[in-house]
Every structure is written in structure tokens, then in C-alpha cells.
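A.B. asks: 3D, please:
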Amino acid sequence: MNGTMNEDERTLNLLGAMALSLMDAMNSAVEANAGYGGETPAALVTLGVEPGLSINALRQILSLSHPGTVRLIDRLEAEGLVERRSGADGRTLALFLTEAGQERRNAILAERRQPLQLAINSLTQTDRKQLTKLLEKMLAAMTTSELRSFAICRLCEEEVCPADRCPVEQKYCQFQSEKPS
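C.D. replies: The predicted model follows:
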């Protein structure tokens, strides 16, 4: 039992070290390309996946304050990466990437992929399949709310993990189906 607990604790420690190592490497790569740290890259990636989001919706996904999100969008708009348009209800503004914003998003995702590829290169094909299954299980467990699902996928390449195969999206759909009508 004690040996199992020590192995469990070691597994947790290894997972934490791996997560931190990947985050550090991804943040460095993405910040170098985007020219900004923080949530700027995530804002560009999110708006590419969810065009037409309001500032409030983006704020919730990025866990930023409203004024902080407005400043972020002001900066991205001034750089020609984001544009504001009238929202569907006529009272809010909808956010869209410009062509330059879409190009920057694609570059961010390409940079993000490099440290991930480095980490996975040490695995065999069988290891990769096992890792995929474990990651699917762990991500589903980490998706504890609708908002959390957006936050988890805020830097994801949805082109390579479509909604019908994404464990976070599947959990999101489960939350939607459980809502009272």
C-alpha cells in the first residue's frame, strides 16, 4: 500500500513536471510568435474557432476582467488583427479575426505544436495510442463546466481534434443535454 501511494505521488509529481515543462515551452514559443504573452495568443486562437464572440464571452473564456479584455481587443484591433462588428442582438459587438489575425493565429498554432512534438517524439506508436486514450480520459474528467470546456480548449487546434472526437467537446455536449429545457 505504502509503495503504491509513493508511486501515485511520484506519478502526480511527474505529471506536474511534464505539464509545467510543456506550458513553459509552449508559452515561450507562442509568445515569440505573437509578440505578447498572457492571454493574447489564446484570444486569437479562440476568436478563430468562435468568430462573433462578444467581449463578455471572450472575457469569461480567458478569465480576464472586462476592462482587461477591452484593452486586449483595443490593442489587437489597433494592430489590424481583430475587428468589431455589430452583434446579433444589436446591443453587443461581435469580434472577428481579420485576415492578418487569421495568419497570426495559424502561426501561433504552428509554434505551439513544436514543443508538443518534441515531447511525443520519444514515444513509440503504441505508446502514443495509449497516451491518447489516457489524455482523453483525463481531459473529460477535467471538464467540470461549460465555461471550463472553452478554457481548456482555448489554445487547441480544432482542425486536428474535431468536435466529434474531442473529449472536452463531448463533455460540453453532455452539459448541454442535461440542461433543463
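
A.B. asks: tell me the mean pLDDT for stretch 134-152?
C.D. replies: The average of the pLDDT scores along stretch 134-152 is 92.

A.B. asks: likewise for stretch 77-87?
C.D. replies: On average, stretch 77-87 scores 93.

A.B. asks: name the SS class of the residue nearest to the spatial centre of the chain, please.
C.D. replies: Nearest to the mean C-alpha position of the chain, by Cα atoms, centre = their mean, lies residue 154 at 2.2 Å. Following DSSP: H, G, I helix; E, B strand; the rest coil, we place residue 154 in the coil state.

A.B. asks: need the helices for the chain, in chain order.
C.D. replies: 2-34, 40-49, 55-62, 66-78, 99-120, 125-142, 146-152, 167-178 (DSSP state H).

A.B. asks: return the most buried member of the ones you listed.
C.D. replies: helix 40-49 (a mean of 23; mean count of other Cβ atoms under 10 Å). Every residue, glycine included, has its C-beta placed from N, CA and C.

A.B. asks: residues contacting it, please?
C.D. replies: 30-31, 33-34, 53, 58, 61-62, 72-73, 75-76, 81-82, 95-97, 101-102, 104-105, 108-109, 112, 150, 153-156, 158 (Cβ atoms under 8 Å, 6 or more residues apart in numbering).

A.B. asks: what do you get if the cut-off is 7 Å, keeping everything else the same?
C.D. replies: 30, 34, 53, 58, 61-62, 72, 76, 81-82, 95-97, 101-102, 104-105, 108-109, 154-155, 158 (Cβ atoms under 7 Å, 6 or more residues apart in numbering).
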